[in-house]
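In: attaching a predicted model along with its sequence, questions to come.
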Amino acid sequence: MKGFLATTCLVTGALLASGCATKKYVRNTTAPVQAKVDQVGEQANRNTQSIEDTRGQLKQVDERAQTGISAAQEKAATADQHAATADQHAATADQHAGEAMNRATQAAQSADQANRGVDGLRQVVSNLDDYKLQSSVMVPFKFNQYVLSKDAKEDLDKLVGDVKPDKRFFIAVEGYTDNVGNKDYNEALSRRRADSVVQYLVAQHDIPIYRIHMVGLGQQKPLEEGNTRAARAKNRRVEVKVFSADQAVASLNSSSSKSSASRTTSPNQ
């Protein structure tokens, strides 16, 4: 029994000794391999991290590139828009310049016309003395009377018939008396005689009152000196005189028309 136990102990010890040796061997053999594996794993991890970092950098570079491209495209579009706007502004400026030139030309023409009008007006004003006596009539009155006779009305009708077509005229109505009687009375009588003529012209022939100049001169400016009946009869009168400037104005208009025609046919036009 004791021998069996001893044998068992020896065998067990041998086995234990053998197992410990095997573990040590294994441990000594696998330790460098494990270290190498760990080193490779660590390097792999570092490579993976480096790859991830590179991918991140590439992504950032790509994003920046895309941003730069977009900005460049936007600037190019803005530049095109500005160029189109500049072209439009240039076209508008050209149009405005043309319109300004036309207005300047029109203004010059208007100024020229105005100058011609002023010159014409000056000519008319300077030719106020060109109102020439066109026709006249002598209206006689009886002693101390100022009522128009039938013959006097017929003479006035004929006078107005010749006047109405005229556009620029005035009528001078001058009343007179003989030298019989008071001077003041005769002046008042001469005005009543002249007023009778004016009323007839205005009421019967629609002559504008502003075209009539009336005056009563009494005994002044006698047609015939003396105290005879014939002389006094001649002095009891109203002188009606029509002055017209139509001929002068027609001459001016004719000159203006010829001048316009000359400018129209000028080779510079």
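Out: Sure thing, it's come through. Not measured: the values here are computed from a predicted model.

In: when you work out contacts or count neighbours from here on, use the C-alpha atoms and nothing else.
Out: Fine.

In: residue 168 and residue 103, how far apart?
Out: To residue 103, residue 168 is 36 Å away according to C-alpha to C-alpha, to the nearest Å.

In: who has more neighbours, these two?
Out: The neighbour comparison of residue 168 against residue 103 (other C-alpha atoms under 10 Å) goes to residue 168, with 16 against 12.

In: thought the more buried one was touching residue 245?
Out: Yes - with contacts counted by C-alpha atoms under 8 Å, residue 168 reaches residue 245, the gap being 5.6 Å.

In: would you map out the domains in the chain?
Out: The record, using automatic domain parsing to delimit domains, assigns the chain the ranges 1-74, 130-252.

In: circling back: shared neighbours, residue 168 and residue 245?
Out: Common contacts of residue 168 and residue 245 (C-alpha atoms under 8 Å, 6 or more residues apart in numbering): none found.

In: so which of the domains of the chain is the most surrounded?
Out: Stretch with highest mean neighbour count among the domains of the chain: domain 130-252 (a mean of 17; mean count of other C-alpha atoms under 10 Å).

In: output the lowest mean pLDDT helix or strand found in this protein.
Out: For the chain, the helix or strand with the lowest mean confidence is helix 246-264, at a mean of 53 (criterion: mean pLDDT, DSSP states H and E).

In: where among the domains of the chain is average confidence lowest?
Out: When these are compared on average pLDDT, domain 1-74 comes out lowest at a mean of 67.

In: quick one on the thing from earlier: could I get the domains of the chain as a markdown table with distance to residue 95?
Out: Shown next, in a markdown table, are the domains of the chain (distance: least, C-alpha to C-alpha, whole Å):
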| stretch | distance to residue 95 |
| --- | --- |
| domain 1-74 | 31 |
| domain 130-252 | 40 |
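
In: residue 141 is in contact with residue 150, isn't it?
Out: No - counting by C-alpha under 8 Å, residue 141 stays clear of residue 150, with 11.3 Å between them.

In: contacts for stretch 174-187?
Out: 189-194, 214-220, 222, 227, 232-233, 235-240.

In: next one: stretch 204-216
Out: 160, 169-176, 187-192, 194-195, 198, 201-202.

In: narrow these to those in helices?
Out: Mapping those onto helices (DSSP state H) picks out 160, 187-192, 194-195, 198, 201-202.

In: need those in TSV (columns: distance to residue 96).
Out: Shown next, in TSV, are the ones in helices among the contacts of stretch 204-216 (distance: C-alpha to C-alpha, whole Å):
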residue	distance to residue 96
160	58
187	72
188	71
189	73
190	70
191	67
192	69
194	65
195	64
198	61
201	59
202	57
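
In: just the residues you listed now: which is nearest residue 43?
Out: For the ones in helices among the contacts of stretch 204-216, the minimum distance to residue 43 (C-alpha to C-alpha) is 131.1 Å, reached by residue 202.

In: if I look at the closest one, how far off is residue 187?
Out: Distance from residue 202 to residue 187, by C-alpha to C-alpha: 23 Å.

In: likewise for residue 64?
Out: Distance from residue 64 to residue 187, by C-alpha to C-alpha: 115 Å.

In: ok, residue 82 next?
Out: 90 Å.

In: next one: residue 92
Out: 77 Å.

In: all strands for the chain, in order.
Out: Ranges of strands in the chain, per DSSP state E, are 132-140, 169-175, 212-216, 237-244.

In: between those strands, which one is closest to residue 74.
Out: strand 169-175 (80.4 Å).

In: what is the orientation angle of that closest one with strand 132-140?
Out: Between strand 169-175 and strand 132-140, the angle comes out at 30 degrees (axes from the mean of the first three to the mean of the last three C-alpha atoms, to 10 degrees).

In: each with direction, which strands does strand 169-175 pair with?
Out: Paired neighbours of strand 169-175 in the sheet (DSSP bridges): strand 212-216 (parallel), strand 237-244 (antiparallel).

In: could I get those in TSV, plus columns for distance to residue 98?
Out: Below are the strands paired with strand 169-175 laid out as TSV (distance: least, C-alpha to C-alpha, whole Å):
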stretch	distance to residue 98
strand 212-216	54
strand 237-244	48
